[in-house]
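> model the structure of this input:
(chains A and B)
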Amino acid sequence: MSDLFSKFDDLIALREGLLSSGMTDPFNLVMEKVESPTVAICNGKRTILLGTYNYMGMTFDPDVIAAGKQALDEFGSGTTGSRVLNGTYVGHRACEDALKEFYAMDHAMVFSTGYQANLGIISTIAGKDDYIILDIDSHASIYDGCAMGNAQIVPFRHNDIEALEKRLKRVPEGAGKLVVLEGVYSMLGDIAPLKEMIAVSKANGAMVLVDEAHSMGFIGENGRGVAEAQGVIDDVDFIIGTFSKSVGTVGGFCVSNHPKFEILRLVCRPYVFTASLPPSVVATAATSIRKLMHGADKRAHLWENSKRLHAGLRQLGFTLGTDEPQSAIIAVIMPDLEKGAAMWEALLEEGLYVNLARPPATPANMTLLRCSLCAEHTGDQVEEILGMFAAAGRATGCI
Amino acid sequence: MTDREETVAKIHDLIDPFNKKGVDISGGTRFAQDLEWDSLTVMDFVASVEDEFDILISMNRAAEIETVDQLIEAVAQLEGER
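Alright, predicted model coming up:
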């Protein structure tokens, strides 16, 4: 019998090699207590959280928590059903209404996760003879949506407008075209030149889908994302988003002005063939989304945090993913996985949690320490974080 | 040079910058096993082939191409369809 697991042997060996040196497993951390959006207890130690995507710090908002508790009491712990059968409660509709208002769009469809939103929308709208042109650094959920459908998949070089345009022009006459972009790319925290890319896409007759998972609530005048900030949101056909970042719970969605959008509720398999979100989750999401509409002050503070951390890390001598802070993600580029893992562990010992990101999730085989800031990080916390980076960087020889 | 010879020569030129191990290239050379290219290298290389010949090689199509000869065949066919 051949062991189906032998294909994982290289990864198992790499992992064992790292852990045998006594290293803490970076992919097996347990949060024992969570005190706030920015502080948790890990291994009995108070730890500042700098890798949670909890950008707007809504997870402990009193109104959000109250809404969730009330829904638990009134509607129970779960729906035990698909959205198209017994799984649509008033809360799901209220959540979709909140999204429509937040984005000022006609239609909103809530999925059980952001991953499923990409999986479902992309695999459903692009059929066999259609072409999906996507940025090569797209998130796994976008690639998986492509793999699940039957369309022709054509990647282009990251953020390269000319590469996109060339490929659009090569698509056979008459074929349907979907261009898939992200507002913020989560690995390096860089943003896309959406204005130019959407113009090129429209000029070549393509529909455009933008994943704004990492920009919602924070970027753009109303927190609608990079497309809003660049003044092109009206030309976007589909925006994909998630509740598991700025909104502070779990779930995913697609908003659109397409007149036939509602038919997707019947034909999109990752929407139909799974249970809907629990009533408490949609209640917390709807409350949070409505509060995010009025989050201008928090947005401003988050930008300050992002700028301060970026400047401070640079001053310490770290290499960063972007020359200027472009989002709430600051990626610190490590020379290799060993150094990256050592630095990650040293930071944890200092009392700081960041994400260790490694190939194949990262572009160009980079090892990254990815920091995501929160609007609830105080100015003092950001200074404390910089002190920890200085100490850990020196201890591991990274700076 | 015939069209095919020209295609072969161009593809060899395009492989060159990605051939970090200096492997001798023949028609039977396999991209993954012999050149040890990972998926990101393959995607970069495919993009350079697309731009050289002004064609699209979808990921679905690229997944079926394992050797240099298979790539030459695919390029000739895609150029013909254009």
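> in a strand, residue A:241, correct?
Yes - using DSSP: H, G, I helix; E, B strand; the rest coil, the secondary structure at residue A:241 is a strand.
> what about it, neighbour count?
Using other CB atoms under 10 Å in any protein chain shown, residue A:241 has 31 neighbouring residues. All C-beta atoms are positioned from the backbone trio N, CA, C, and that covers glycine.
> for residue A:215, see how far away it is.
The spacing between residue A:241 and residue A:215, counted by CB to CB, to the nearest Å, is 9 Å.
> any idea how far residue A:179 is from residue A:272?
26 Å.
> the more surrounded of those two?
residue A:179 (25 against 15).
> does the secondary structure element (helix or strand) that that one belongs to reach chain B?
Per DSSP states H and E, residue A:179 falls inside strand A:177-182. No - using CB under 8 Å from any CB of the partner chain, strand A:177-182 stays clear of chain B, coming no nearer than 11.3 Å.
> quick check: next helix or strand after that strand?
Taking DSSP H and E, what comes next after strand A:177-182 is strand A:184-185.
> tell me how far that following strand lies from the chain's centre.
Distance of strand A:184-185 from the chain centroid (CA atoms, centre = their mean, to the nearest Å) equals 8 Å.
> now stretch A:221-236
17 Å.
> thinking again about what came up before, who touches both of residue A:241 and residue A:215?
Residues touching both residue A:241 and residue A:215 (CB atoms under 8 Å, 6 or more residues apart in numbering or on different chains): residue A:225.
> so is residue A:371 in a helix, a strand, or just coil?
Once three-state DSSP is applied, residue A:371 turns out strand.
> where exactly do the helices run in the chain?
Here I'm looking at chain A. A:9-20, A:62-75, A:90-103, A:114-125, A:140-148, A:161-170, A:194-203, A:226-229, A:264-267, A:269-272, A:279-292, A:296-316, A:337-350, A:379-395 (DSSP state H).
> try chain B instead
Under DSSP H, chain B gives helices at B:3-15, B:39-53, B:59-63, B:68-81.
> could you dump stretch A:206-222 to PDB, C-alpha only?
The C-alpha trace of stretch A:206-222 is given here as PDB (Å, rounded to 0.1, in the frame of the first residue of the first chain):
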ATOM      1  CA  ALA A 206     -14.300  42.900 -18.600                       C
ATOM      2  CA  MET A 207     -16.300  42.700 -15.400                       C
ATOM      3  CA  VAL A 208     -14.300  43.500 -12.300                       C
ATOM      4  CA  LEU A 209     -14.300  41.800  -8.900                       C
ATOM      5  CA  VAL A 210     -12.300  43.500  -6.100                       C
ATOM      6  CA  ASP A 211     -11.600  41.700  -2.800                       C
ATOM      7  CA  GLU A 212     -11.600  44.500  -0.200                       C
ATOM      8  CA  ALA A 213     -11.100  42.100   2.800                       C
ATOM      9  CA  HIS A 214      -8.200  44.100   4.300                       C
ATOM     10  CA  SER A 215      -9.500  47.600   3.600                       C
ATOM     11  CA  MET A 216     -13.100  47.600   4.800                       C
ATOM     12  CA  GLY A 217     -13.800  49.900   7.600                       C
ATOM     13  CA  PHE A 218     -10.400  51.600   7.300                       C
ATOM     14  CA  ILE A 219      -9.500  52.800   3.800                       C
ATOM     15  CA  GLY A 220     -11.700  55.300   1.900                       C
ATOM     16  CA  GLU A 221     -13.800  58.200   3.200                       C
ATOM     17  CA  ASN A 222     -16.600  55.800   4.300                       C
END
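> would you mark the buried spots in that stretch?
A:206-220, A:222 (16 or more other CB atoms under 10 Å in any protein chain shown).
> which of these sits closest to chain B?
residue A:206 (13.6 Å; CB to the nearest CB).
> excluding covalently adjacent residues, which one is nearest to the closest one?
The shortest distance from residue A:206 to any residue other than its chain neighbours is 3.7 Å, reached at residue A:177 (CB to CB, 6 or more residues apart in numbering or on different chains).
> now do residue A:302
Using CB to CB, 6+ apart, the nearest residue to residue A:302 is residue A:375, at 4.2 Å.
> shouldn't that neighbour be in contact with residue A:299?
Yes - using CB atoms under 8 Å, residue A:375 is in contact with residue A:299, at 7.1 Å.
> any residues in contact with both of the two?
A:56, A:218.
> these two: who's more crowded?
Neighbour count, other CB under 10 Å: between residue A:375 and residue A:299, residue A:375 has more, with 25 against 22.
> distance check, that one against residue B:19.
49 Å.
> got it, and residue A:286?
In terms of CB to CB, residue A:286 sits 55 Å off from residue B:19.
> and for residue A:356?
32 Å.
> same check, this time on residue A:30
Distance from residue A:30 to residue B:19, by CB to CB: 45 Å.
> same deal with residue B:56?
24 Å.
> which one of those two is surrounded by more residues?
It is residue B:56, of residue B:56 and residue B:19, that has more neighbours when counted by other CB under 10 Å, with 22 against 17.
> just checking, the more buried one touches residue B:46?
No - at 9.8 Å, residue B:56 does not count as touching residue B:46 under the criterion of CB under 8 Å.
> okay, now the domains of chain A?
A:20-49+A:296-395, A:61-292 (automatic domain parsing).
> kindly check the end-to-end length of the last one for me.
Taking CA to CA, to the nearest Å, the first and last residues of domain A:61-292 lie 11 Å apart.
> repeat for the shortest one
Its first and final residues considered, domain A:20-49+A:296-395 spans 20 Å by CA to CA.
> what do you get for stretch A:251-265?
16 Å.
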